[in-house]
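Participant: Here you go, sequence then predicted model.
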Amino acid sequence: MANTKSALKRAQIAERNRLRNKAYKSAVKTLMKKYFAAVEVYTANPTPESKQAVEERMSEAYSKIDKAVKRGVLHPNTGARRKSRLAHKLKPTAQTA
């Protein structure tokens, strides 16, 4: 346990930041899963509506990843790697369609 007022305050701030970071990371994972699900639907039945849904999900995921990197929740290389995985998931389907 913290021995001084400043140490106690730092512990409280660290906990607050940990919860905020956890929320960002969770949101990024959720949006990535939604994107992957949309890509699966698009590959099964490539229609203009499903392609638009995929692009919307990709945009949402990119935005959340960029915000997490900007706020220091994710390392810049981690953000770039996740965005690359999103783009790569769609790329093989775009060439066949």
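Facilitator: Yep, it's here.

Participant: Please make it C-alpha for all contacts and neighbour counts, starting now.
Facilitator: Noted.

Participant: All the strands of this structure, residue numbers only.
Facilitator: Remark: strands of the chain are absent; assignment by DSSP state E.

Participant: pLDDT below threshold where in it?
Facilitator: Applying pLDDT under 70 to the chain picks out residues 92-97.

Participant: Find the residue at the geometric middle of it.
Facilitator: Val28 (2.5 Å; CA atoms, centre = their mean).

Participant: dump the residue contacts of that residue.
Facilitator: Neighbouring residues of Val28 by CA atoms under 8 Å, 6 or more residues apart in numbering: Ala61, Lys64, Ile65.

Participant: Show me the one in these that has more neighbours than the rest.
Facilitator: Ile65 (26 neighbours; other CA atoms under 10 Å).

Participant: shouldn't that one be in contact with Gly79?
Facilitator: Yes: using CA atoms under 8 Å, Ile65 is in contact with Gly79, at 5.8 Å.

Participant: List the buried residues of the longest helix along the chain.
Facilitator: When the chain is scanned for its longest helix (criterion: DSSP state H), the result is helix 5-44. Across helix 5-44, burial judged by 16 or more other CA atoms under 10 Å covers 21, 24-25, 27-29, 31-32, 34-36, 38-43.

Participant: Now distance to Lys5 too, for the contacts of Val28, in a markdown table please.
Facilitator: What follows is the contacts of Val28, written out as a markdown table (distance: CA to CA, whole Å):
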| residue | distance to Lys5 |
| --- | --- |
| Ala61 | 40 |
| Lys64 | 35 |
| Ile65 | 35 |
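
Participant: now, which of the residues you listed sits nearest Lys89?
Facilitator: Of all these, the one sitting nearest Lys89 is Ala61; the distance, using CA to CA, is 13.3 Å.

Participant: Which residues are in contact with the closest residue in space to the closest one that isn't next to it in sequence?
Facilitator: Distance criterion CA to CA, 6 or more residues apart in numbering; nearest residue to Ala61, sequence neighbours excluded, is Leu31 at 5.3 Å. Leu31 sits next to Arg57, Glu60, Ala61 when contact means CA under 8 Å, 6+ apart.
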